[in-house]
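Chemist: With the sequence up front, the predicted model follows.
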Amino acid sequence: MTDQMPTPDEETAPEPAAPPVAPHLAPLAEAFPEAKFEQSAAGQQVARVESGRLVEFVQAARDAGFEMFIDLTAVDHYRQRSGPRYDVVVGLLSLKHNQRLRILVPVDGDVPSAPSITDVYPGANFYEREVYDLFGIDFTGHPDLTRIMLPDDWDGHPLRKDTPVGAVPIQFRDTNKVL
Amino acid sequence: MAEPPGFLTATINSIANWSRYNSSWGATFGLACCAIEMMHTGAAHNDLARFGMEVFRASPRQADLMIVAGRVSQKMAPVLRQVYDQMPEPKWVISMGACASSGGMFNNYALVQGVDQVVPVDVYVPGCPPGPQSLMHAILTLHEGIKSGEFVRV
Amino acid sequence: MTDEVTTEEEATEAPHPAPSETERRQLHDMWASGTEEPAWVVASTAEGAQLMLPRDQATGEDVAGEGGTLVVDDRLFEDEAAEAETTILNMGPQHPSTHGVLRLQLELEGEVIRRVKPVIGYLHTGMEKTGETLTFLQGPTNVTRMDYLAPFHNELCFSLATEALLGIELPPRAEAIRVLMTELNRVSSHLTWVATQGMDLGAVSMMIYGIRERELLLAFFEKTTGLRMNHNYIRPGGVAADLPDGWEEDVVGILEGIPKGLSDYHDLLTNNPIFLGRTQGVGVITSEECFAYGITGPPLRATGVDWDLRKTQPYSGIEQYEFDVPLGENGDVYDRYTVRMEEMVQSLRIVSQVLETMPDGDYRTTDLKVTPPPRKRIDESMEALIHHFKIFTEGFKVPAGEHYQAIEGPRGELGHYLVSVGEAKPWRLHCRTPSFAAIQSLPIMMGDQLIADSIAVIASIDPVLGDVDR
Ligand code: SF4
């Protein structure tokens, strides 16, 4: 459970302050020592957080100046890595510092589940519904977790990698049903 | 001296078809990108009014031509069919654009692969998006078909 | 059939019992379908749990969200409607004023909107899934059809994300062409918005005028890219072709033609008392709410927040050009209108600077990894032919990694999140679209307003449903 990232480097000792975090992230790094702050190849700030502390982390990030909610999505790393299958990706923006922060939250399981951040950013509502719809990730604590893009009686979650792309024949739902 | 009263012989059908093709009213069924081109067709530069077509009806009850402009998703298909069912007979359908005709480049789970799976289509317009000229050509083709009685199903 | 169901008392009380719920529903269905067939179609368009629930069945959080009261800021709505008699009204998805296939469920108390629930997905095209099956070079074909009023912006965003993963630099001419096309595209998108905004508020002639000016731009786009919309012109590594001969005259024509049109619009709308009455103070949103809901672009700037990605996180060398960021004050429909009208002027200002300073050189990178060899070499050399063939069939491999690229689209922050695993196709393509966030905020803007204002509000956030549903 200690390291689920794609490249487990278990032999190296934990390096708490090896990559110095930017000053605007210092309060976050202090409060969440287990969160991993990294730079992506193109120099974007990424933080990896366990799903258990996501809500607290997001709350702290908002207090640290990331006032704007930008994005929430998921990535299915099906057969791409040994750790958890999905990443929930939260994008935040700080207008004050002119900085972005991307939070990656690994989730796993047959019914993967992550905490909902709608209490912190109400704007996450539709985004979480979309991820629920297309990936089947359950957001606990979401006020109204229903499908959003697909019809309500759809089977499956099309953006999962084990769902084929292909077209499905046109289907009307049970035709003689009267409400 | 007064002209002798003229008279005209025709079949009821040909008169009915003549009046139908001259005033086919469209139901707005703009869905996606193609709808923007449909708007352009109706607006100043291309001026669909030249063909007795300037009225696009918001209510399907008052329309007899449905231009399906854009991609039809699985979620939209029942709505499309319902709007079609609400239109009074005789009615015609133009499938505008690659998406409406065949699913276009999106051969995936979300789209109906051709609106002809949901409603009967009279004229298909190729293009992505078809330009206003293509749409007008399709409309004129439809007019021809209505006039000759080819497209009337009652 | 119902006789058997009716109980004794009811039968004696009313000799002609009122039709049951089922019967009324069937009658309505028959009316709706216009045929004798039982109209299953009506039932089939219901979306079950996605629809708005009556107030007594909805949970508290639901009601707060749909009433637009989740963000605590200076405006608080009274929750009076619980007592009063309310109606749930369905609007869309086939509705002329919803800019496509948006469906809104409104809870009305008389003429006043108490709760709003947008139902979206009627244009869900599965583009994120399709994007995983196309190579990086084909990717712009897919995303350009997403926000069909801003095709260049989508292509640009995708290309920038790919280039960031590849780590390639572009020649200055490619960057300048990109800026030119995207800024013209911003104008054409805003022209469609002003046309529809006017029409939705009853100024039908605006539709004709707005599109009249747009034709100018589309003609130039067609000349340059071959298509009026959905161009697939900006591609990873540059643009697909150089600007056509004589493009300067066309741009000069645009720079002269559009401002004339704009002054017409100002005559028609800006000082029109009806337009003012229907837009000022309508559909207010505060900057706190914008932050919480991720609303960017003109609606955010209309609240007075100076945030434009072209200034703060510039891309494609747009920082070389001089332009102002117009701001509003009140965050209402009218301020969004003024911000967009001024943005068109500023975009034209950028275009005129590009026209003067257009550098010479290549219109795409010379990095042979992404750029096919020139046409002439293909005729001469087998290797060049193979190279060309490989790029267009297999595509080029992009190093593993993930990247989020954001640009300032006409509607706000447009972001593409690409995950590559080192292959020629993206592992995951996610599009963060501005309209999606804006649609979500409709309850805030519409809450406790008159139903007639809902049309003005929808038009003012300028949603493109292809952008919302993807
Ligand atoms: S055919 Fe092309 S332009 Fe028309 S809806 Fe489909 S993608 Fe859009």
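Modeler: Arrived safely. Nothing here was measured: the structure is a model prediction, and the numbers come from that model.
Chemist: How confident was the prediction at the spatially most central residue of chain A?
Modeler: Note on chain A: the residue nearest the mean C-alpha position is A:V88, at 1.8 Å, using Cα atoms, centre = their mean. A:V88 carries a pLDDT score of 90 in this model.
Chemist: Point out the other helices and strands that the host helix or strand of C:M341 packs with.
Modeler: C:M341 belongs to helix C:333-357 when assigned by DSSP states H and E. Applying 3 or more Cβ pairs under 8 Å, 6 or more residues apart in numbering or on different chains; DSSP states H and E, one finds that helix C:333-357 contacts helix C:172-200, helix C:247-265, helix C:273-279, helix C:298-301, helix C:451-461. To be clear about C-beta, it is placed using only N, CA and C from the backbone, and glycine gets the same treatment.
Chemist: try 10 Å this time
Modeler: Helix C:333-357 sits against helix C:172-200, helix C:247-265, helix C:273-279, helix C:298-301, helix C:309-312, helix C:451-461, with contacts defined as 3 or more Cβ pairs under 10 Å, 6 or more residues apart in numbering or on different chains; DSSP states H and E.
Chemist: Determine if any part of the fourth one is in contact with chain A.
Modeler: Yes. Helix C:298-301 lies in contact with chain A when judged by Cβ under 10 Å from any Cβ of the partner chain; the contacting residues are C:L300.
Chemist: The longest one too?
Modeler: No. Contact between helix C:172-200 and chain A, assessed by Cβ under 10 Å from any Cβ, is absent, since the two come no nearer than 17.4 Å.
Chemist: quick one: the next helix or strand after that helix to helix C:172-200, angle?
Modeler: Note on helix C:172-200: by DSSP H and E, the next helix or strand toward the C-terminus is helix C:204-225. With axes from the mean of the first three to the mean of the last three Cα atoms, to 10 degrees as the basis, helix C:204-225 and helix C:172-200 are set at 160 degrees to each other.
Chemist: Could you list every helix and strand in contact with helix C:204-225?
Modeler: By 3+ Cβ pairs under 10 Å, 6+ apart, helix C:204-225 packs against helix B:33-42, helix C:151-166, helix C:172-200, helix C:247-265.
Chemist: before we move on, the earlier item: wait, the residue nearest to the centre of chain A touches A:V107, no?
Modeler: Yes. Using Cβ atoms under 10 Å, A:V88 is in contact with A:V107, at 5.9 Å.
Chemist: can you list residues touching both of the two?
Modeler: A:S51, A:L54, A:A74, A:A114, A:P115, A:F135, A:I137 (Cβ atoms under 10 Å, 6 or more residues apart in numbering or on different chains).
Chemist: Show the residue spans covered by the helices in chain B.
Modeler: Ranges of helices in chain B, per DSSP state H, are B:12-22, B:33-42, B:77-86, B:97-102, B:132-147.
Chemist: quick check, the third one touching the ligand?
Modeler: Put plainly, it is helix B:77-86. No. When contact is scored as Cβ under 6 Å from any ligand atom, no part of helix B:77-86 falls within range of the ligand; the minimum is 13.6 Å.
Chemist: ditto for the shortest one
Modeler: Yes. In this structure, helix B:97-102 sits against the ligand according to Cβ under 6 Å from any ligand atom; the contacting residues are B:G97, B:A98, B:C99.
Chemist: what does the helix or strand of chain A with the lowest mean pLDDT contact?
Modeler: Every helix and strand in chain A was compared by mean pLDDT, DSSP states H and E; the lowest is helix A:26-31, with a mean of 78. For helix A:26-31, the external contacting residues (Cβ under 10 Å, 6+ apart) are A:16-17, A:19-22, A:35-37, A:47, A:49, A:53, A:56-57, A:60-61, A:63-66, A:101.
Chemist: Could you list the low-pLDDT ranges of the chain?
Modeler: No chain was given, so I picked chain A. A:1-20, A:166-179 (pLDDT under 70).
Chemist: wait, chain C
Modeler: In chain C, residues with pLDDT under 70: C:1-45, C:56, C:58-62, C:68-84, C:95-98.
Chemist: Looking at it, what residue ends up closest to the ligand?
Modeler: C:R145 (4.2 Å; Cβ to the nearest ligand atom).
Chemist: wait, what's in contact with that residue?
Modeler: C:R145 touches B:32-33, B:70-71, B:99, B:104-106, B:128-129, C:125, C:127, C:130, C:151, C:154, C:229-230, C:232, C:466, C:470, counting by Cβ under 10 Å, 6+ apart.
Chemist: before we move on, the earlier item: after the least confident helix or strand of chain A comes which helix or strand?
Modeler: Next along from helix A:26-31, by DSSP H and E: strand A:36-39.
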